[in-house]
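In: One predicted model, sequence on top.
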Amino acid sequence: MARFSLTKQAKLIKTDDFSSVFNFRKRISTHYLIIHYRPGAQGQARLGLVVSKKTAKSAVHRNYMRRVLRELFRLQQHEIGAIDLIIRVQKSFSQTDFMQIKQEFNVLMTKLKQRMQPLIANPDSVSVATDK
RNA sequence: GAAGCUGGCUAGACAGUCGCCGUUCGCAUUUAACUUGUCAGUUUACUGACUUAGUUAAAUGGCGAAGCCCCUCGCGGGCUUACGCAACGAAGGGAGGAAAGUCCGGGCUGCAUAGAGCAAGAUGACGGCUAACGGCCGUACGCUGAAAUCUUUCUGGCGAAAGCUGGGAAUUAUAAGGCGCGGAAUAGGGCCACAGAGACGAGCGUAUUAAGUUACGGUGAAACGCGGUAACCUCCAUCUGCAGCAAUAUCAAAUAGGCUGGCACUUUUAUUUGUGUGAAGGUACGCAAGUAAAUAAGGCGUGGCUCGCGCUGCCAGCGGGUAGAUAGCUCGAGCGCACAAGCAAUUGUACGCCUAGAUGAAUGACUGUCACCUUAGCAAUAAGGCUACAGAACCCGGCUUACCGGCCAGCUUCACUU
RNA sequence: CGGGGCGUAGCGCAGCCUGGUAGCGUACUUGUCUGGGGGACAAGGGGUCGCAGGUUCAAAUCCUGCCGUUCCGA
């Protein structure tokens, strides 16, 4: 039975984790969001969020966007697989745009699955990719 | 009742689903004993069985760490730990009045320090409060402060008149309240545009007088006067050591470098030191050690092997210390209430309470109902907003700035009624 | 957390320290030179000096508090 809890194991915590994902240089972008991804070795999807001060000046507004994205990730984390993700907010959104954000997130997840399919099929290529 | 103003409190509510972060407790499973309950036997007491709940004791159990023991020495096995972590369950807690700006003041920590002074900076009516302040309270002063009131005046209506009433304008003093307050100008220096005869030294012009004796002089903010300006320099009084929780303390990986010890250390050249040959000094030669450069060998990697290519002294320990972890980290000039002192700020006493501690950063997301607001509508209701300003980062006292509303209390003026 | 700079015409900047007139370049408008354009020359318009309060006879300038923007250090 899949649980929906979001623990510390499902987060990117250290600076090395973040920079390794960014250095992998793979990303998918939509109108509001940009996703950087990298196949991870933890056997679990892990999430990092970046909401810069440039997108929204109010801290309350930035916290809202962070929480919504965290919630969406929490509900789908078991369907994603062992991937490290960093979600970046490109354009600010508010509570009226919630349904649109949800759709965009789903689109991003399906795209991500399609791209990760060959990597998961033969794990040797994953190891080669991570070495480089 | 109307108008103006001040202070305090609050910061949508409830329910459902899925979650996040601390704190405390229980850990999960098995066994035994006791208490309670039921049933059976039965001498109002005892025995046996069962189940649920609670308490106590023991054992077993996930990962890691430390210690001990055994051994066939290996990434072995076993035991212990009021050691940690993970996982599970329960209880209880979880953003603000400004958490914001970072403008002042203090605690705390480190460094420095007998004490004092210089420099630099800040403050400046008087008195008080305070841990302290540039803050607060009281008093005095200045500026301001009403469509209300007083006074004057113009005008319209009613009326025989007295008078009543509506509108406009001007003026004066103000209420509650708001804002401000910068000590010293014979201690000294600087500056005072334009205008004006003259701008800080006094002199000049006219009139006058025994006499620089007296009076006046269009301008200008200030004019014939030893003025104004210290939010110009300065002087006086008071205060301030410097830095900031990324402070600071403890533990501590990898890599590079440092120190120590052991092993390895070929040859040549240069140089330094010691020593021998030499009667002595110098020179020369030999030996030993150190340093530098080059080279060979060795080692490692590439590889089935050789050649080749690339890198390079090897091993162990120590100390500093980075990433990281832990502490600092929330019980404090704390909050509530009552009484007392005081005009007040505030202080004292008694009682009660514990109220966020995150660190790539939690305190939430969604749905429904009600409340609130806006629009439409006589209303019922419908649609929309799902609401203001805004998110703790070591902690307090203030100040400033932002802000949709709601509730309560008080003050002043005026009008009406009793 | 600590420290500094900037805000003046549509744009880029002087003036501020040492208070009395707000200016330079460019852009804009008009005119002249040219057959026309470009260019040159001449004239002109355009400023809450970021906002608010204060000191002063007088504030872009001095003082205080805000707002915006930008940079630096730990």
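Out: In hand now; what should we look at? Residues are numbered from 1 along each chain as shown, chains lettered A, B, ... in the order given.

In: burial measure for the closest residue to residue A:89 other than its chain neighbours, as a count.
Out: Excluding its sequence neighbours, the residue lying closest to residue A:89 (C-beta to C-beta, 6 or more residues apart in numbering) is residue A:51, at 4.7 Å. To be clear about C-beta, it is placed using only N, CA and C from the backbone, and glycine gets the same treatment. Residue A:51 has 19 neighbours, counted by other C-beta atoms under 10 Å.

In: and the gap between residue A:51 and residue A:77?
Out: The gap separating residue A:51 from residue A:77 is 19 Å, by C-beta to C-beta, to the nearest Å.

In: Helix, strand, or coil at residue A:36?
Out: Classification of residue A:36 by DSSP: H, G, I helix; E, B strand; the rest coil places it in strand.

In: That one reaches residue A:108, doesn't it?
Out: No. Residue A:36 lies out of contact with residue A:108 (C-beta atoms under 8 Å); the separation is 11.4 Å.

In: Show me what the residue nearest in space to the middle of chain A bridges to in the sheet.
Out: Among the residues of chain A, the one closest to the centroid is residue A:85, at 3.4 Å (C-alpha atoms, centre = their mean). When assigned by DSSP bridges, residue A:85 has beta-bridge partners residue A:37, residue A:47.

In: From RNA strand B, how far out is it?
Out: For residue A:85, the distance to RNA strand B equals 12 Å [C-beta to the nearest atom of the strand, to the nearest Å].

In: Okay, strands next: where are they in chain A?
Out: For chain A, the strands defined by DSSP state E cover A:27-29, A:33-39, A:46-50, A:83-89.

In: My understanding was that the residue nearest to residue A:89 contacts residue A:62; is that so?
Out: Yes. The criterion here is C-beta under 8 Å, and residue A:51 meets it with residue A:62 at 4.8 Å.
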